[in-house]
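**Student:** Pasting the sequence and the predicted coordinates here, then a few questions.
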Amino acid sequence: MAAVLASAAPAFAQEAAKEDDTIIVIAQQAQKQVTSNGDLGALGSQDAMSTPFNVTTYTAELVLNQQSETIGDVMKNDPSVRVSSGSGNQAELFVVRGFQLFGDAIAIDGLYGVAPRQLISPELYEGIQVLNGASAFLYGAPPGGSGVGGGINLTPKRARTELYRATASFGGRSIFGGNFDAGKRFGENEQFGIRVNGVYRKGENSIHGEDKQVGVLGAGIDFRSGPARIMLDVGYENQQVFKPRPIVRVAATLPSIPSPPSDPSYNYAQDWTYTKLRDFYGTFRIEVDVAPNVTLYTAIGARDGSEYGDYSTLTMLAVNGDGTQARLYVPRADNNEAGQLGMRAKFATGGVSHQFNAGASVAFQENRNAFMNGVFPATTRPAASCTNIPAASLTVNVFCSNLYNAPVVAAPLTGNTALATGGDLINLPRSQTFAYTSAFASDTLGFLDDRFLMTLGGRYQRIVARTYNKQNAQTSNYVRHAWTPAIGIVAKPSENISIYANRMEALVQGPVASTTTVGILNPGQVFDPYRSVQYEAGVKLAIHGLTGTLAAYTTSQPLQFNDPSPTNPTQFTFRVDGEQRNRGIELSLNGEPTDWLRFIGGITYTDAKITKSIAANLGKRAIGVPEWQVSFGAELVPPFLKAATLTGRVVYTDKQYVNLTNTQSIPAWTRFDLGMRYVFVVDGHPMTFRVSAENVTNKAYWGSASGGYLTIGAPRTFKSSITFEY
């Protein structure tokens, strides 16, 4: 199909060869896909060369051109970020600078708790911003107990010019669907704007038997008149996955990690497993310029989310792949609200410029959930296939399985005991509530015509966390306060060079031991919040359409890990103890040095060590943190076919350790992606055809060991789409 279009389309374009057509084609190829500017929470919108942070923003054009379906697809471009999976369910877990970032900690316009928690469709957003480094001052403490290494902030789309765009797509084995993007401004002065996006996809993806159904609808409405701007954004997402391939747990007693299945599309999930995610969310923002260079703003946001799923994670107990699988049914509901208000002012005193910011934020979250295990008949535990499994692991709640040849078993019976301890499955009991309040102030002072900038600021944060048992009785309550100061400096010896440094802090809610994970011995235990200090220095270079950043940093966080039971390898205790210190160097290169070449990505080195722990762990490498990571892509417009763009990307991830003692590890892996897009004109309207293949060699590899869980890398995945713009 690609070959036919590639050969036929040039002739077709030549037949319609008018000057306007050439302008349309060139404009489609030259859209920015990566920028380094963006909104930095407490500091507002900032120019890349004037910020003492390493920030990368991936645009809606990149999402469209790379046919990205989740935020994780977008993060494949970032050398500082890797994507793992949730604990047995269909979710994306991000690892930034070697530290985990949960979906709870992704913000929309700086508001936490509003974005969908597990999977997010990127088609609704103009920018997907990655901030490398601690962000407690900029955005406040993120929920969920993660985000020490960095954060992700989403910027909704706005109507700028009249746009009507429709895309039809095909991917995986049989996923058909498409999306649309429409925007227009109204009124005598175009003061009203509306931008509407929708997505629908359904079919079997590249993993055998794994079916997906995605429905998304979002709208952004804004009013701009005189000094005022009012913005309303709403979104609805319904994501369903049937027979999702789960993560793999590994017994601490295994001397080594077996290889993944040789067929990377093999699926060891059970037919009765599924995930259903539904989210309705929105934000409302008002900005008013009350005086020249003085702006007041306020924003509120809310999310109503529900999750239902039947999961069956494989616990591998022998090097031949033998292990057990269980059943865990978990219904969950979330109700979150967030708000912020503040002011931004620019002025000068005695030859020194000031960018003053002050404000406050609040966030409230409530999680309700229950769970139910299952009872499997003795026939699912035949002696012949359970010979390598410890007798203590063979309970009525599990069945014998194998990583390479998983049996198909019927959906389990329901155990009355599980019902009694897991809570009411209809009227879900409250599990956790969190309240975050904070106030911040900062001033960026500019000297020598702003060639030297110094940012001084701080945020006072208060965290209130409560947990409840399945009978709705409160089991814990803590209130903690913290002050997180920030300092950043920028020196600009020329307009193309920026040297920066910062001292920032990360403040995160203390983790809560899972109440739904099978085998955990301390469910619901709440740990204190913790604060981490980060030091970072770097240099930015912007020249000939390229932005390059070289950064070095050091930061740490308390060590979180699952401590296996000495008597039963399928049980463990969640602990927070010791310290993990990450030091690293990042090199990124994004932009277009010419009108026929584009670079996206870079390389990182991370030295992640255990610096405080028991003697056996001291000096060991941290779990799931590779030393070297490369994500580097290039786009080339061939001189003989200027309406076409050839794309390629290499992704390399170094060796990762699975346990604290560093006796288990997964090997390094390299993956290659290739693609092409072609723009042609039909009756004055641009059309773009895209085709791509990820993991073109169909390499089988363990993709991640984050948190001590193993995730298998995706098999070769084909995607194609065609877009028409009116």
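**Tutor:** Received, thanks. Residues are numbered from 1 along each chain as shown.
**Student:** C-alpha only now, for contacts and for neighbours.
**Tutor:** Fine.
**Student:** Quick one: the strands in the stretch 351-500 of the chain, in order.
**Tutor:** 352-369, 398-402, 430-447, 452-468, 474-494, 497-508 (DSSP state E, counting those that start in this stretch).
**Student:** ok, and which of these has the densest surroundings?
**Tutor:** Using mean count of other CA atoms under 10 Å, the stretch among these with the largest mean neighbour count is strand 398-402, at a mean of 25.
**Student:** Give me the below-cutoff pLDDT ranges for this protein.
**Tutor:** Within the chain, the segments meeting pLDDT under 70 span 1-30, 86-89, 414-421, 510-512, 514-518, 524, 561, 569-570.
**Student:** show me where it has helices.
**Tutor:** Counting by DSSP state H, the segments of the chain that form helices are 2-15, 19-29, 60-65, 71-75, 136-139, 416-422.
**Student:** re the thing from before, can you say which of the strands of the stretch 351-500 of the chain is nearest to Gln31?
**Tutor:** Of all the strands of the stretch 351-500 of the chain, it is strand 497-508 that lies closest to Gln31, at 24.0 Å by CA to CA.
**Student:** beta partners for the nearest residue to Ile106 once chain neighbours are set aside?
**Tutor:** Using CA to CA, 6 or more residues apart in numbering and skipping residues adjacent in sequence, the residue nearest Ile106 is Ile152, 5.2 Å away. Per DSSP bridges, the residues bridged to Ile152 are Ile106, Val130.
**Student:** Same question for Glu366.
**Tutor:** Asn335, Thr433.
**Student:** What separation do you get for it and Arg430?
**Tutor:** According to CA to CA, to the nearest Å, Glu366 stands 7 Å off from Arg430.
**Student:** Pro116 too?
**Tutor:** 19 Å.
**Student:** same deal with Gly72?
**Tutor:** 30 Å.
**Student:** Also Leu62?
**Tutor:** Taking CA to CA as the measure, Leu62 falls 40 Å from Arg430.
**Student:** One more: Gln46?
**Tutor:** From Gln46 to Arg430 the distance is 40 Å (CA to CA).
**Student:** Next, count neighbours for Asn388.
**Tutor:** When counting by other CA atoms under 10 Å, one arrives at 16 neighbours for Asn388.
**Student:** same deal with Val576?
**Tutor:** Neighbours of Val576 under the rule other CA under 10 Å: 18.
**Student:** For it, give the beta-bridge partners.
**Tutor:** Gln560.
**Student:** contacting residues around it?
**Tutor:** Shown in contact with Val576 (CA atoms under 8 Å, 6 or more residues apart in numbering): 527, 558-561.
**Student:** what's the answer for Val651, then?
**Tutor:** 76, 629-632, 670-672.
**Student:** Relative to Ala105, which of the strands of the stretch 351-500 of the chain is closest?
**Tutor:** That would be, of the strands of the stretch 351-500 of the chain and by CA to CA, strand 497-508, which comes in at 9.9 Å.
**Student:** What helices and strands are in contact with the closest one?
**Tutor:** helix 136-139, strand 474-494, strand 530-543 (3 or more CA pairs under 8 Å, 6 or more residues apart in numbering; DSSP states H and E).
**Student:** Save these as JSON lines, and put in distance to Gln509 too.
**Tutor:** Converted to JSON lines, those look like this (distance: least, CA to CA, whole Å):
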{"stretch": "helix 136-139", "distance to Gln509": "11"}
{"stretch": "strand 474-494", "distance to Gln509": "9"}
{"stretch": "strand 530-543", "distance to Gln509": "7"}
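**Student:** count of residues packed around the residue lying closest to Arg303 once chain neighbours are set aside?
**Tutor:** Excluding the flanking residues, the one nearest Arg303 by CA to CA, 6+ apart is Tyr281, at 4.2 Å. When neighbours are defined as other CA under 10 Å, Tyr281 has 22 of them.
**Student:** Against Phe94, how distant is Tyr281?
**Tutor:** In terms of CA to CA, Tyr281 sits 22 Å off from Phe94.
**Student:** Leu111 contacts Glu337, correct?
**Tutor:** No. Using CA atoms under 8 Å, Leu111 makes no contact with Glu337, being 9.0 Å away.
**Student:** anything in contact with each of these two?
**Tutor:** Common contacts of Leu111 and Glu337 (CA under 8 Å, 6+ apart): 300-301.
**Student:** Could you list which residues are in contact with Lys346?
**Tutor:** 293-294, 353-356.
**Student:** Would you mind putting those into JSON lines with distance to Asn388 alongside?
**Tutor:** Below are the contacts of Lys346 laid out as JSON lines (distance: CA to CA, whole Å):
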{"residue": "Asn293", "distance to Asn388": "71"}
{"residue": "Val294", "distance to Asn388": "70"}
{"residue": "Ser353", "distance to Asn388": "71"}
{"residue": "His354", "distance to Asn388": "68"}
{"residue": "Gln355", "distance to Asn388": "65"}
{"residue": "Phe356", "distance to Asn388": "65"}
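**Student:** among the residues you listed, which two are most distant?
**Tutor:** Checking these with CA to CA, the most distant pair is Val294 and Ser353, at 13.9 Å.
**Student:** related to what we said a few turns ago, so which of the contacts of Val576 wins on neighbours?
**Tutor:** For the contacts of Val576, neighbours tallied by other CA under 10 Å; top is Pro558, 21 neighbours.
**Student:** so which of the contacts of Val651 comes closest to Leu163?
**Tutor:** Closest to Leu163 out of the contacts of Val651 is Lys76 (28.1 Å), distances taken as CA to CA.
**Student:** what's around Ile286, how many residues?
**Tutor:** 17.
**Student:** I figured it hits Ile300, correct?
**Tutor:** No. Under the criterion of CA under 8 Å, Ile286 makes no contact with Ile300, lying 9.4 Å away.
**Student:** hey, what's the spatially closest residue to Ala482 that is not a sequence neighbour bridged with?
**Tutor:** Spatial nearest neighbour of Ala482, chain neighbours left out: Gln461 (5.3 Å); criterion: CA to CA, 6+ apart. Note on Gln461: beta-bridge partners by DSSP bridges are Ser438, Ala482.
**Student:** now the one 4 residues further on
**Tutor:** Under the criterion DSSP bridges, Ala465 forms beta bridges with Phe434, Tyr478.
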